[in-house]
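1. Pasting a predicted model and its sequence here:
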Amino acid sequence: MSRRLNPLAFVGPGLLVAATGVGAGDLATASIAGSRLGTTVLWAVVVGAFLKYVLTEGLARWQLATGKSLLEGVVRHLGRATAWIFLVYLLIWSVAVGRALASACGVTAHALFPLFQDPVTGKVVFGVLHSLVGVVLVLVGGYRLFEKVMSAFIVIMFGTVVLTAGLLRPDLGSVLRGLVPTIPAVEGGLAWTVALLGGVGGTVTLLCYGYWIREEGRRGPKDLSACRIDLATGYVATAIFGLAMVVVGSTVEVEGGGAGLLVSLADRLEASVGTTVRWLFLVGAWGAVMSSLLGVWQSIPYLFADLWGMLSGRSAASPAAVDPRSVPYRGYLVFLGVFSTAGLFSSFVQIQKIYAILGALFIPMLAIVLLLLNGREELVGKRYRNSPWTRLVLWASLALFLMFGLMEIGPWR
């Protein structure tokens, strides 16, 4: 009872989505966009966070109205073949994102603690260490320890990066003008604006929100208001973090990509405004990529366990299908931890490219699913089906992220 009366209980899973969704690629996208376009594209961060809110709210609305996970809804109403298709997609995505996150953790940790003369050795050692620590924390502590550790990372990543942006003393007028939607009339202006719209806030990890609210005991329509408050809090935090990254990027010239870009950006900040700001930014960047790694390690096995339950004949809504103590959950967690370390010997740029493409493909698929499932009154009830406003936003998300996907996979990239 005390947990339900605690107002902080309403914002936990939403902040978990925010912390998990902001990884090295998101930081890089925001900082590069800020460096190339300045603060004129700040509005894109706000709009992107709002679109992710609508998508995740639709997922929560489906689950609370039906008692089924969104994956079960897809398989039951769109065909069993979708389970196999998504399983293949999940395996590829998991390997790509796991490798990217382990690599990013290794690079940022080595920048903070340069214990090795060779940066590649530092990346590998620290990357393996971070991956294994993530596996052990999830195996030993379960959801409650995960929630507490993530709370600490949320304070670190948001506090340090926002403080860094404040210490740079951006022009308030320019910041306010950047919140007015405009497309910069420069080369690459449209592409980077669209990338910024889709680049902050997570992709596949949005699905994990449904399993986190189950851990919090939210299981019926009565909890929808709590989820909306929860998600609004999380995506406001995501927007603030993205705005801060654009501001930081707008102060210096940024080159490169991925985690290496973050270290380069920190070095340029040191040259411009001093060592303190460099360290603040690096700590925030490390907190962001480590929280993303831990969030993925804890949450993605839920998806595999849910799919395993459906493909093996069990109901996806049964506790056995999503039990974090089950063999499918723990087996996939170990799979993530082991295979992610193999990517430490690969090029981060190529890994990040695969990660970005897979993420760009996922959001349109999610928008289509929500339009189909939440649009049917016989499935969710009249009260919880998509409103005209929600349908408009979902169609806009579909168009926007399809454009983003084409930019990711097209020959002009």
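-> Noted; the coordinates are in hand.
2. L243 is in what secondary structure piece?
-> Under the criterion of DSSP states H and E, L243 resides in helix 224-250.
3. quick one, phi psi at S299?
-> Per-residue torsions, S299: phi -100, psi -40 (degrees, to the nearest 10).
4. Show the average pLDDT along the helix or strand encompassing G284.
-> Using DSSP H and E, G284 sits in helix 275-311. Averaged over helix 275-311, pLDDT sits at 90.
5. that older thread, which of the residues in the helix holding L243 are buried?
-> For helix 224-250, burial by neighbour count (16 or more other CB atoms under 10 Å) applies to 224, 226-228, 230-250. Backbone N, C-alpha and C define where each C-beta goes, glycine included.
6. Go through the helix holding G284 and flag the buried ones.
-> For helix 275-311, by 16+ other CB under 10 Å, it's 277-310.
7. In the stretch 1-150 of the chain, what residue spans correspond to strands?
-> Counting by DSSP state E, counting those that start in this stretch, the stretch 1-150 of the chain has no strands at all.
8. So, low pLDDT: which residues of it?
-> The stretch 1-150 of the chain contains residues with pLDDT under 70 at 1-11, 24-25.
9. List the contacts of T341.
-> T341 is in contact with A102, G127, V128, S131, counting by CB atoms under 8 Å, 6 or more residues apart in numbering.
10. so the first one touches L132, yeah?
-> No - A102 is beyond contact range of L132, at 9.8 Å (criterion: CB atoms under 8 Å).
11. So those two - more neighbours on which side?
-> It is A102, of A102 and L132, that has more neighbours when counted by other CB atoms under 10 Å, with 32 against 15.
12. Which residue is the nearest non-sequential neighbour of G210?
-> Q63 (4.7 Å; CB to CB, 6 or more residues apart in numbering).
13. What distance do you get for that neighbour to W297?
-> Separation of Q63 from W297 (CB to CB, to the nearest Å): 22 Å.
14. And for A285?
-> For A285, the distance to W297 (CB to CB) stands at 19 Å.
15. can you check S312 too?
-> Distance from S312 to W297, counting by CB to CB: 23 Å.
16. same deal with A83?
-> Taking CB to CB, one finds A83 at 23 Å from W297.
17. about what we covered before: mind giving me the packing neighbours of the helix holding G284?
-> Contact here means 3 or more CB pairs under 8 Å, 6 or more residues apart in numbering; DSSP states H and E; on that basis helix 275-311 packs against helix 12-21, helix 24-37, helix 70-78, helix 81-112, helix 119-167, helix 209-215, helix 258-273, helix 327-342.
18. hmm, 6 Å instead?
-> helix 12-21, helix 81-112, helix 119-167, helix 258-273, helix 327-342 (3 or more CB pairs under 6 Å, 6 or more residues apart in numbering; DSSP states H and E).
19. That helix: how far from the chain's middle?
-> Centre-to-centre, helix 275-311 and its host chain are 8 Å apart (CA atoms, centre = their mean, to the nearest Å).
20. report the angle between the axes of that helix and helix 24-37?
-> With axes from the mean of the first three to the mean of the last three CA atoms, to 10 degrees defining the directions, helix 275-311 sits at 130 degrees from helix 24-37.
21. contacting residues for C105?
-> Listed by CB atoms under 6 Å, 6 or more residues apart in numbering, the contact set of C105 reads G127, H130, V289, M290, L293.
22. give me every residue that touches the second one.
-> The contact partners of H130, by CB under 6 Å, 6+ apart, come to C105.
23. can you offset everything so residue one is 37?
-> Okay, residue one is now 37; in that scheme the one you just asked about reads as H166.
24. Look up how far T65 lies from it.
-> From H166 over to T65 the distance is 22 Å, taken as CB to CB.
25. repeat for the third one
-> Computed with CB to CB, the distance linking V325 and T65 is 14 Å.
26. distance of the nearest residue to L137 once chain neighbours are set aside from E251?
-> The shortest distance from L137 to any non-neighbouring residue, by CB to CB, 6+ apart, is to L329 (4.2 Å). Distance of L329 to E251, computed by CB to CB: 19 Å.
27. so how far is Y89 from the residue lying closest to F86 once chain neighbours are set aside?
-> For F86, ignoring the flanking residues on the chain, the nearest one in space by CB to CB, 6+ apart is Y271 at 7.1 Å. According to CB to CB, Y271 and Y89 sit 4 Å apart.
28. And A64, by the same measure?
-> Distance of A64 to Y89, computed by CB to CB: 23 Å.
29. who has more neighbours, the two?
-> The residue with more neighbours, out of A64 and Y89, is A64; 26 against 22, by other CB under 10 Å.
30. Is it correct that that one is in contact with V299?
-> No - counting by CB atoms under 6 Å, A64 does not reach V299; the two are 11.0 Å apart.
31. give the contact list for the residue nearest to A145 when sequence neighbours are not counted.
-> Once flanking residues are discounted, A145 sits nearest to F162: 3.8 Å by CB to CB, 6+ apart. For F162, the contact set (CB under 6 Å, 6+ apart) comprises G142, A145, H146.
32. burial measure for V374, as a count.
-> Using other CB under 10 Å, V374 has 14 neighbouring residues.
33. Contact partners for it?
-> No contacts exist for V374 under CB under 6 Å, 6+ apart.
34. if we can go back for a sec, look at the residue nearest to F86 and report its pLDDT.
-> Looking at Y271, the pLDDT reads 91.
35. V90 is in contact with that one, correct?
-> No - contact criterion CB under 6 Å: Y271 and V90 do not qualify, at 9.5 Å.
36. Give me the below-cutoff pLDDT ranges for the stretch 337-449 of the chain.
-> 350-357, 379-396, 440-449.
37. 90 - rerun?
-> Scanning the stretch 337-449 of the chain for pLDDT under 90 picks out 345-362, 374-401, 432-449.
38. tell me the angle the helix or strand hosting L232 makes with helix 260-286.
-> Element membership of L232 [criterion: DSSP H and E] is helix 225-235. Per the same axes, to 10 degrees, the angle that helix 225-235 makes with helix 260-286 is 140 degrees.
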